[in-house]
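A.B. asks: next come a sequence and a model predicted from it.
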Amino acid sequence: MSRARVLVPSKVAPAMLDVLRAYETLDVDAPGDLTQQALAEAIVPADAVIIRSNNTMTAAVIGAAPRLRVIGRAGAGVDNVDVEAATRRGIVVMNTPGENAVATAEHTFAMLLSLARRIPAADSSIKAGKWERSRFQGMELYGKTLGIVGLGRIGREVARRAAAFGMKIIAFDPFLPEDAMIDSFVNLVGDLGEVLEASHFVTVHVPLSAETRALIGASEIARMRSGSYILNCARGGLVDEAALCDALDSGHLAGAALDVFETEPPGERRAVSHAKIVATPHVGGSTAEAQSRVGISIARQVGDFLTRGIAAHAVNVPPLAGPWAAWAD
């Protein structure tokens with residue numbers, strides 16, 4: 001069997017490299033974090049590339065790799081891959097759905113609690129030498145309604161944690177039938193507006209695509225209950241940041257939590273500096289456990305594809321794709 005070269009252009013968990021190097025016919029090139037220009041140069045001899053969210057596989061980068069056969073995404077979202085360009089070249093694009101579901105769900109719930117109990121602001125206040133107990137009166141999650149948009153692996157993990165806190169859970173996912181097998185404590189409805197109007201908190205868990213960009217825009221925010229909160233730990237661009245900030249300024253929304261942004265790094269964006277927004281730098285899936293699982297999974301998938309022709313979790317292979325792929329975590 002001929003040898004194949006695998007490029008890993010980001011810093012990754014050592015376990016991923018160990019798995020790749022265990023394949024006797026694979027040569028692994030792991031130079032560390034590469035810029036886009038360096039990526040376009042390093043990918044030329046590669047048969048495979050494994051990327052994280054900080055790499056972008058544009059049509060130009062893909063075109064610079066005449067031998068490329070597979071793009072492995074260490075994570076679920078493939079919005080940083082030009083899938084159409086890869087498909088035209090016959091290049092398989094695969095991801096690792098669900099491997100960071102627990103980590104992202106836990107981060108979402110940490111953000112939810114931060115909003116409800118105003119933890120970041122209270123932390124900043126006391127560290128500034130103040131003692132403002134009356135200023136930071138919070139709210140209980142018990143009995144409140146959580147609206148979940150997108151009931152894939154992450155959305156379901158969030159729902160289970162919310163149920164443990166005694167929250168009422170309403171969810172919308174257009175690609176799940178109303179008789180789908182879901183946890184009994186989740187009320188699945190067929191209309192996004194119903195979720196927005198009923199919920200004290202709305203959390204979004206869908207990938208970014210042409211159909212989901214600005215899924216929560218000005219008109220959707222206007223339908224949310226007055227004084228409610230919105231969370232986005234999925235992908236930047238799902239929530240219109242300008243419309244969100246306007247709703248926070250007007251008082252229609254009480255707060256928001258964002259782990260992802262329309263542009264990353266976001267720089268001095270209004271959504272980053274807004275006093276009513278709790279912000280983190282796209283770390284929802286960044287736990288040691290999740291990164292290890294994701295790395296091992298994609299290394300095995302790429303290795304098996306190159307050595308045995310098995311295309312697991314291929315997002316652009318017709319027999320494995322379907323309408324659910326646009327919303328699945």
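C.D. replies: Looks like it came in fine.
A.B. asks: only C-alpha atoms for contact and neighbour calcs from this point on.
C.D. replies: Will do.
A.B. asks: how is this protein carved up into domains?
C.D. replies: Following automatic domain parsing, the chain resolves into domains at 4-99+288-326, 101-279.
A.B. asks: count of residues packed around V8?
C.D. replies: Residue neighbour count, defined by other Cα atoms under 10 Å, stands at 26 for V8.
A.B. asks: to clarify, my last question referred to K127.
C.D. replies: In terms of burial, K127 registers 10 neighbours under the definition other Cα under 10 Å.
A.B. asks: also G129?
C.D. replies: 8.
A.B. asks: that one: which element?
C.D. replies: Secondary-structure assignment from DSSP states H and E places G129 in no helical or strand segment.
A.B. asks: does V239 touch N232 like I think?
C.D. replies: Yes: counting by Cα atoms under 8 Å, N232 is a contact partner of V239 at 7.3 Å.
A.B. asks: follow-up on the earlier one: mind putting the domains of the chain into a markdown table with mean pLDDT?
C.D. replies: As requested, the domains of the chain are arranged in a markdown table below (pLDDT from 0 to 100):
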| stretch | mean pLDDT |
| --- | --- |
| domain 4-99+288-326 | 91 |
| domain 101-279 | 95 |
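A.B. asks: may I have the phi/psi pair for the residue most central in space within the chain?
C.D. replies: The central residue of the chain, meaning the one whose C-alpha is nearest the mean C-alpha position (Cα atoms, centre = their mean), is A234 at 3.5 Å. Recorded main-chain torsions at A234 are phi -100, psi -80, according to degrees, to the nearest 10.
A.B. asks: which non-adjacent residue is nearest it?
C.D. replies: Nearest non-adjacent residue to A234, counting by Cα to Cα, 6 or more residues apart in numbering: H205, 5.3 Å away.
A.B. asks: phi, psi of the one you found?
C.D. replies: In this entry, H205 is assigned phi and psi values of phi -140, psi 70 (degrees, to the nearest 10).
A.B. asks: before we move on, the earlier item: V239 and N232 - which one has more neighbours?
C.D. replies: Summary of the neighbour comparison: V239 and N232, criterion other Cα under 10 Å, with V239 having more neighbours (27 against 23).
A.B. asks: now the more buried one. Nearest residue, chain neighbours left out?
C.D. replies: For V239, ignoring the flanking residues on the chain, the nearest one in space by Cα to Cα, 6+ apart is I216 at 4.7 Å.
A.B. asks: got a list of what D33 touches?
C.D. replies: P9, S10, K11 (Cα atoms under 8 Å, 6 or more residues apart in numbering).
A.B. asks: Produce a PyMOL select command limited to the buried residues of those.
C.D. replies: Typed into PyMOL, the next command selects the buried ones out of the contacts of D33 (criterion: 16 or more other Cα atoms under 10 Å):
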select buried, resi 9+10
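A.B. asks: quick one: the spatially closest residue to T87 that is not a sequence neighbour from A86, how far?
C.D. replies: Closest residue to T87 in three dimensions, ignoring its sequence neighbours and counting by Cα to Cα, 6+ apart: N316, at 6.7 Å. In this view, N316 and A86 are 9 Å apart by Cα to Cα, to the nearest Å.
A.B. asks: can you check L39 too?
C.D. replies: In this structure, L39 and A86 are separated by 16 Å, where distance is defined by Cα to Cα.
A.B. asks: I'd say A46 and V70 touch.
C.D. replies: No: using Cα under 8 Å, A46 makes no contact with V70, being 9.5 Å away.
A.B. asks: what packs against the lengthiest helix in the chain?
C.D. replies: Across the chain, the longest stretch assigned as helix under DSSP state H is helix 288-308. For helix 288-308, the packing partners by 3 or more Cα pairs under 8 Å, 6 or more residues apart in numbering; DSSP states H and E come out as helix 14-21, strand 48-51, strand 70-73.
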